[in-house]
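Novice: need a 3D model of the sequence below.
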Amino acid sequence: MEIQSLTLAYFSPTGTTKSIVQAVAGGMNQNTTRDIDITNPVMRKNRLKTSEKEVLIIAVPVYLGRVPAFLDEWLHAIKAHNTPTVCIVVYGNHAYDNALRELKDILIKRGCKPIAGAAYIGEHAKTMKTSMVKDAAIRLHTLNKKQKVPILFF
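Specialist: The predicted structure is shown next:
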């Protein structure tokens, strides 16, 4: 099967999760991408549909060691068909506990086929300043150009 596109889906109130998803996607050398930012609640009203001909990279922050509860409805509405999926959680100032496993389990039930996962440390949203977001994004972009962004394969 030939992968035809990438779908990037993320919740990123500070921009850190978005930067991480874009860096991972940049290492996949795929020209066709669909970008779905679910930070705005209005965007979460749209259901995500995917197929086996695309790779889904989905990333969420970790709140108290879990996938944020307010994303449950959107995540459980995903309609996938054997979609190769990269699961990413971003945490700051605390451990990610079971969030990565929780995200993976939800996505499997929705028809995704997790192929890789990662937990990245990001500056905590409560201490993040706009200039810090830009600096972190620049560092991550520079890192991605020099070497592949590390991910764990399932």
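Novice: so where is the chain shaky, pLDDT-wise?
Specialist: 1, 124-154 (pLDDT under 70).
Novice: where do the strands sit along it?
Specialist: Using DSSP state E, the strands of the chain run over 5-10, 33-37, 54-61, 83-91, 112-121, 152-153.
Novice: dump those strands to a markdown table, plus mean neighbour count and distance to residue 69.
Specialist: Every C-beta, even on glycine, is put in place using the N, C-alpha and C of the backbone. Written out in a markdown table, the entries for those read as follows (neighbours: other Cβ atoms under 10 Å; distance: least, Cβ to Cβ, whole Å):
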| stretch | mean neighbour count | distance to residue 69 |
| --- | --- | --- |
| strand 5-10 | 21 | 17 |
| strand 33-37 | 14 | 19 |
| strand 54-61 | 24 | 11 |
| strand 83-91 | 25 | 14 |
| strand 112-121 | 18 | 19 |
| strand 152-153 | 10 | 25 |
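Novice: which residue is the nearest non-sequential neighbour of residue 54?
Specialist: Sequence neighbours aside, residue 5 is the residue nearest to residue 54 in space, at 4.5 Å (criterion: Cβ to Cβ, 6 or more residues apart in numbering).
Novice: okay but that neighbour is in contact with residue 34, surely?
Specialist: Yes. Counting by Cβ atoms under 8 Å, residue 5 sits close enough to residue 34 to count as a contact (6.5 Å).
Novice: shared neighbours, those two?
Specialist: residue 54 (Cβ atoms under 8 Å, 6 or more residues apart in numbering).
Novice: from the centroid of this structure, which residue is nearest?
Specialist: Per Cα atoms, centre = their mean, the C-alpha nearest to the average position across the chain is that of residue 59, at 1.8 Å.
Novice: ok, the residue nearest to it when sequence neighbours are not counted - contacts?
Specialist: With sequence-adjacent residues excluded and distances taken as Cβ to Cβ, 6+ apart, residue 59 is closest to residue 88, at 3.7 Å. With contacts defined as Cβ under 8 Å, 6+ apart, the neighbours of residue 88 are 10, 17, 20-21, 24, 57-60, 117-120, 151.
Novice: name the nearest of these relative to residue 110.
Specialist: Within the contacts of residue 88, distances to residue 110 taken as Cβ to Cβ reach their minimum at residue 58, with 10.2 Å.
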